[in-house]
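Enquirer: need a structure here:
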Amino acid sequence: MSRTHETLERVREVSAARPPAPAPRITGVGTAVTAESYSQQEVLALFGITDPKVRSVFLNSAIERRFLSVPPRDASGAIQPETQGALLRKHARLGVDMGGRALRACVADAGAALSDVDYLCCVTSTGFLTPGVSALVIRELGLDPGCGRVDVVGMGCNAGLNALNATAAWSRANPGRLAVLLCVEVCSAAYVVDGTMGTVVVNSLFGDGAAAIALVTPARGDGGEHPPAGPSVLAFASHIITDAFDAMRYDWDEEQGKFSFHLDPEIPYVVGAHAEGVVDRLLVAAGLRRGGVRHWLVHSGGKKVIDAVRVNLGLTRHDVRHTIEVLRDYGNLSSGSFLFSYQRLLREGVAAEGDYGVLMTMGPGSTIETALIRW
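Expert: Here you go, the predicted model:
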C-alpha cells in the first residue's frame, strides 16, 4: 500500500469516527417593502391603460396588490418618463432603505445586535451600483466596517438560493458567528413602458421588496444544550435549462435608453417540465421522497409558474399556499420572494421538529435552484 493511500485511509477512519459537522441554522428573518401599494386596477388607472388585452393580463394575474414606487407626475397628473440614471438613483435610495429595515428586523428576530453581524451577502438584480448594496448598507446601519461581505448582482429571481448556498458555506466555516443574507429588489427601478405584450407581462407582475435571513452554525463541543433556533440548512441542488437560455434576460433598449427585462411566455411550462429532476436529485441525496417533505416554499414567479411547478411535482394548492399568498399580496418580489413565504410559514406556527422543507427558486439561465432544510 502506498504512503498516499495509507494517508487517505487514515483520513477516512478519522472522519468516520467523528460526528457530522453541525449544519447552519436559520435563526431570524425580516422583510420590508416600499411606502405605497397599488391594486392592479389602480396601476391601470394611474398609467391610463385602456387596451382590453393589456387590462386582461393585469387583472388575471392572481395579484391583488403590489408595493411600487411610481414615476413622478406633472402638474396635470400625467406620468413622467424616468431616465436610466434616475432609475439607478431610485434603486440606490429605496434599496438601502428597504434593505436596512429588513436587516434590522432579521437581526432582532435572531435575538442579536447589528454589531454581531460578521458576514453580509447582498443580492439584487434591479440596478447596478458601485460600491455595491453591501457597502452602502454597512455604512447606513453602522455595521462593523470589517464585516465580511459579498454582492450577488444580476442573477435574477433564483439568486436568493445561490446566495444562501454561499452564506451557508461561510457560516459552516465560521461556527458561532452571525451571517446575514439580504435580498433587495427595487423592481420599480427596472420598468420600461413600450407597448409590447412581453413588457406588459413584466409590468403586470413585479413589486418592490427586501428580505433577510440570519444564519448561525453551532460550534462543535457546545454540548448541544442551547443550539440556535430554526431549521438547519442541509443541502442544495441546481439545474440550468440550457435550451432556454434566452427565455429570461435583460436587453438594452436603444430607443428607450434603458435596460428592459424580457420574459418568454413559455417559461412557466419550461420550468415546470424540469422541476421534478432537480427536486428529486436534492431529495434522493438525503434519502427522501417528495412525500417526506412537509413544507414547500416556492418562488412566487407568477400564477402560471406556480401552477406548472405544482402540477409537475404533484403538490396541492395547500402545499404552496404561502407562495400563492405572497404573489397575491406583493406580486413577484424577485430574489426575496421565497423568504416572504418562509416568514409566513413561521408565523403560521405549524413547522414541527423533524419536519423537512424544500425551498425552490427559478430565474434567468433558465435556472432552477433548490435547498433542503429541516427543523
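Enquirer: and after the helix or strand that Leu136 is a member of, which helix or strand comes next?
Expert: In this structure, Leu136 sits in helix 133-141 according to DSSP states H and E. Helices and strands here follow DSSP H and E; after helix 133-141, the next one along the chain is strand 148-153.
Enquirer: The helix holding Leu136 to strand 148-153, inter-axis angle?
Expert: Between the axis of helix 133-141 and that of strand 148-153 there is an angle of 130 degrees, by axes from the mean of the first three to the mean of the last three CA atoms, to 10 degrees.
Enquirer: so where is the chain shaky, pLDDT-wise?
Expert: Within the chain, the ranges that satisfy pLDDT under 70 run 1-19, 221-228.
Enquirer: what helix or strand does Thr370 sit in?
Expert: Secondary structure from DSSP H and E places Thr370 in strand 367-374.
Enquirer: ok, how many other residues are close to Gly314?
Expert: The local packing count at Gly314 equals 10, with neighbours defined by other CB atoms under 10 Å. (C-beta placed from N, C-alpha, C; glycine too.)
Enquirer: contacting residues for it?
Expert: Arg290 (CB atoms under 8 Å, 6 or more residues apart in numbering).
Enquirer: what about it, distance to Leu120?
Expert: Counting by CB to CB, to the nearest Å, the gap between Gly314 and Leu120 amounts to 38 Å.
Enquirer: what do you get for Val278?
Expert: The span separating Val278 from Leu120 equals 28 Å under the rule CB to CB.
Enquirer: now the strands for the stretch 201-350 of the chain?
Expert: With strands called from DSSP state E, counting those that start in this stretch, the stretch 201-350 of the chain shows them at 209-216, 232-240, 248-253, 258-263, 295-298.
Enquirer: Leu181 against Asn162, yeah?
Expert: No: no contact is recorded between Leu181 and Asn162 when judged using CB atoms under 8 Å, the distance being 10.2 Å.
Enquirer: circling back to that earlier point, would you mind writing the CA trace of the strand holding Thr370 as PDB?
Expert: The C-alpha atoms that make up strand 367-374 are tabulated as PDB, following Å, rounded to 0.1, in the frame of the first residue of the first chain:
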ATOM      1  CA  THR A 367     -32.200  28.100 -13.900                       C
ATOM      2  CA  ILE A 368     -33.900  26.200 -11.000                       C
ATOM      3  CA  GLU A 369     -32.300  26.300  -7.500                       C
ATOM      4  CA  THR A 370     -33.400  24.200  -4.600                       C
ATOM      5  CA  ALA A 371     -32.400  23.800  -0.900                       C
ATOM      6  CA  LEU A 372     -33.400  21.200   1.700                       C
ATOM      7  CA  ILE A 373     -34.000  22.400   5.300                       C
ATOM      8  CA  ARG A 374     -35.000  20.600   8.500                       C
END
